[in-house]
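Q: using only what follows, build the 3D model:
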Amino acid sequence: MIKNGHHASCEGGGDPRERATEKRKRVVRVWCDGCYDMVHYGHSNQLRQAKAMGDYLVVGVHTDGEIAKHKGPPVFTQEERYKMVRAIKWVDEVVEGAPYVTTLETLDKHNCDFCVHGDDITLTVDGKDTYDEVKRMGRYRECKRTQGVSTTDLVGRMLLMTKAHHTNMDNSDYQQHADNFGKGPKGHSPWTGVSQFLQTSQKIIQFASGKEPQPGDTIIYVAGAFDLFHIGHVDFLEAVFKQAERPYVIVGLHFDQEVNRYKGKNYPIMNIHERTLSVLACRYVSEVVIGAPYAVDKDLLDHFKVDLVCHGQTEVFPDKDGADPYAEPKKRGIFRVIESRNGLTTDDIVQRIIENRLQFEARNQKKEAKEMAVIEALRRREDGEKSQA
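A: Sure thing, here's the model as predicted:
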């Protein structure tokens, strides 16, 4: 069913049944674009909403050079970002090197009916709305921004190196982070800042596939933190997916306390609810076990009828009692170490951020200042309209 877009006119002659059939065949192509740097469940939720407005989702991803020019240095390279977006299950096609400013020419070139963006604002280096042209021409749709997550917030969590984000946001260190990363010198922008994510059952349902394993499927189980879900995770899960002709991949996510036990420091950066949505958005994942036991035991294997258990080449930490968490699948002969050829870890990402701390602080404050200037201009215009009324 076509849910939105420019439909063919039903006026004129011809059999109404033929016109109805033609309308059903009409594919609505939707365009989204962005940096998609440090892709998180907020990006995935935007793409999920955009896909629901049409039938085929095309996503344009900007180059490193364009991002550096308009926003500041990206955390991930353009090649990493292209692959990350391709792994999101609602994406049908990725356009590499999409222009930073969205124009009618871009939409027409890729045969897209309209573009979709969140209810925040994206500005060029000189403070202009990047969607101005498509908005004026009526080829723009808006979706709800996901509350409680932003790249700004995640960068701040990594720089904090505390566990404040696991518990509450009243911690003084966390509030200082909010001031440094979410506030400019002249106020607070509603689009750049820190807010708390609240998980709901509805959100999980929206992200979940809802598909049960079918006869003939190979049920593959993997487990871990999958923190700051990144390209290293994607490459691993893609390699796992390729282990069978008809894979049904179940990801077991450990609770925050368990992750912190074996990872230490301030890990996980994302809490269990955030990590659940991030993993569910991946096209290689069929199901997620929220709060999976650390040891892959007999009960778990029998309950899910697991055919194969996979682990990457990262270190396997022993259980609390010193036991091997994969002892049971090894005993059954269903354990396999997977080589993904990508050694990127969450630690590596944190290191990238720390090395460029000052640049990221400057980038976020510059972004905030531009947004506040737009908000002030909109407020003055509204005040002017009220005074004339």
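
Q: hey, let's count contacts and neighbours off CA atoms from now on
A: Will do.

Q: so where is the stretch 251-389 of the chain shaky, pLDDT-wise?
A: 358-375, 377-378, 388-389 (pLDDT under 70).

Q: how close does residue 42 sit to residue 334?
A: Applying Cα to Cα, to the nearest Å, the value for residue 42 to residue 334 is 36 Å.

Q: what residues are bridge-paired with the residue nearest to residue 224 when sequence neighbours are not counted?
A: Distances taken as Cα to Cα, 6 or more residues apart in numbering put residue 253 closest to residue 224, at 5.5 Å, once the chain neighbours are dropped. Counting by DSSP bridges, residue 253 forms beta bridges with residue 224, residue 290.

Q: okay, residue 42 and residue 334: which has more neighbours?
A: residue 42 (21 against 15; other Cα atoms under 10 Å).

Q: that one: what's it in contact with?
A: Each residue near residue 42 by Cα atoms under 8 Å, 6 or more residues apart in numbering is listed here: 145, 146, 147, 149, 150.

Q: could you identify the buried members of those?
A: Neighbour-count burial (16 or more other Cα atoms under 10 Å) applied to the contacts of residue 42 gives 145, 146, 149, 150.

Q: mind putting the residues you listed in TSV, pLDDT included?
A: As requested, the buried ones among the contacts of residue 42 are arranged in TSV below (pLDDT from 0 to 100):
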residue	pLDDT
145	83
146	81
149	76
150	77
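
Q: from the residues you listed, which is closest to residue 37?
A: residue 150 (10.4 Å; Cα to Cα).

Q: out of the buried ones among the contacts of residue 42, who's nearest residue 211?
A: Closest to residue 211, out of all of these and judged by Cα to Cα, is residue 146, at 24.8 Å.

Q: ok, that closest one to residue 203 distance?
A: In terms of Cα to Cα, residue 146 sits 10 Å off from residue 203.

Q: same question for residue 48.
A: Distance from residue 48 to residue 203, by Cα to Cα: 11 Å.

Q: just residue 260 next, same as before
A: Taken as Cα to Cα, the span from residue 260 to residue 203 is 25 Å.

Q: could you do residue 151 as well?
A: Taking Cα to Cα, one finds residue 151 at 20 Å from residue 203.

Q: dump whichever strand or helix holds residue 79 to CSV, restricted to CA.
A: Residue 79 belongs to helix 78-86 when assigned by DSSP states H and E. Extracted in CSV, the C-alpha atoms of helix 78-86 (Å, rounded to 0.1, in the frame of the first residue of the first chain):
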residue,chain,number,x,y,z
GLN,A,78,33.0,7.7,4.8
GLU,A,79,33.6,4.1,3.8
GLU,A,80,32.7,3.0,7.3
ARG,A,81,29.6,5.2,7.3
TYR,A,82,28.4,3.9,3.9
LYS,A,83,28.7,0.3,5.1
MET,A,84,27.0,1.1,8.5
VAL,A,85,24.0,2.6,6.8
ARG,A,86,23.7,-0.4,4.3
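
Q: which stretches of the stretch 251-389 of the chain form strands?
A: Ranges of strands in the stretch 251-389 of the chain, per DSSP state E, counting those that start in this stretch, are 287-290, 308-311, 335-337.

Q: same deal with the stretch 51-200 of the chain?
A: 56-61, 93-96, 114-118, 140-143.

Q: TSV please, covering these and showing mean pLDDT, mean neighbour count and distance to residue 103.
A: Formatted as TSV, those follow (pLDDT from 0 to 100; neighbours: other Cα atoms under 10 Å; distance: least, Cα to Cα, whole Å):
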stretch	mean pLDDT	mean neighbour count	distance to residue 103
strand 56-61	98	23	12
strand 93-96	98	16	14
strand 114-118	93	23	10
strand 140-143	93	17	11
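
Q: I'd like these as a markdown table, with distance to residue 83 appended.
A: Formatted as a markdown table, the strands of the stretch 51-200 of the chain follow (distance: least, Cα to Cα, whole Å):
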| stretch | distance to residue 83 |
| --- | --- |
| strand 56-61 | 10 |
| strand 93-96 | 9 |
| strand 114-118 | 21 |
| strand 140-143 | 24 |
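
Q: of all these, which one is nearest residue 311?
A: strand 93-96 (29.0 Å).

Q: sheet partners, orientation included, of the closest one?
A: strand 56-61 (parallel).

Q: got the angle for the partner strand vs strand 114-118?
A: 60 degrees (axes from the mean of the first three to the mean of the last three Cα atoms, to 10 degrees).

Q: orientation of strand 56-61 relative to helix 78-86 in degrees?
A: Using the same axes, to 10 degrees: strand 56-61 against helix 78-86 is 160 degrees.

Q: which residues touch strand 56-61?
A: 27-36, 50-51, 78, 81-82, 85, 90-99, 112.

Q: and it, how far out from the chain's middle?
A: 14 Å (Cα atoms, centre = their mean, to the nearest Å).

Q: pull it out as CSV, backbone CA atoms only.
A: Written as CSV, here are the backbone C-alpha positions of strand 56-61 (Å, rounded to 0.1, in the frame of the first residue of the first chain):
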residue,chain,number,x,y,z
TYR,A,56,11.6,2.1,-1.3
LEU,A,57,14.1,4.0,0.8
VAL,A,58,17.2,5.7,-0.7
VAL,A,59,19.7,7.1,1.8
GLY,A,60,22.4,9.6,0.7
VAL,A,61,25.5,9.7,2.9
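
Q: of the contacts of strand 56-61, grab the buried ones for ChimeraX.
A: Filtering the contacts of strand 56-61 down to the buried ones (16+ other Cα under 10 Å) takes a single ChimeraX command:
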select :27,28,29,30,31,32,33,34,35,36,50,51,78,81,82,85,90,91,92,94,95,96,97,98,99,112
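
Q: just the contacts of strand 56-61: which are in helices?
A: 50, 51, 78, 81, 82, 85 (DSSP state H).
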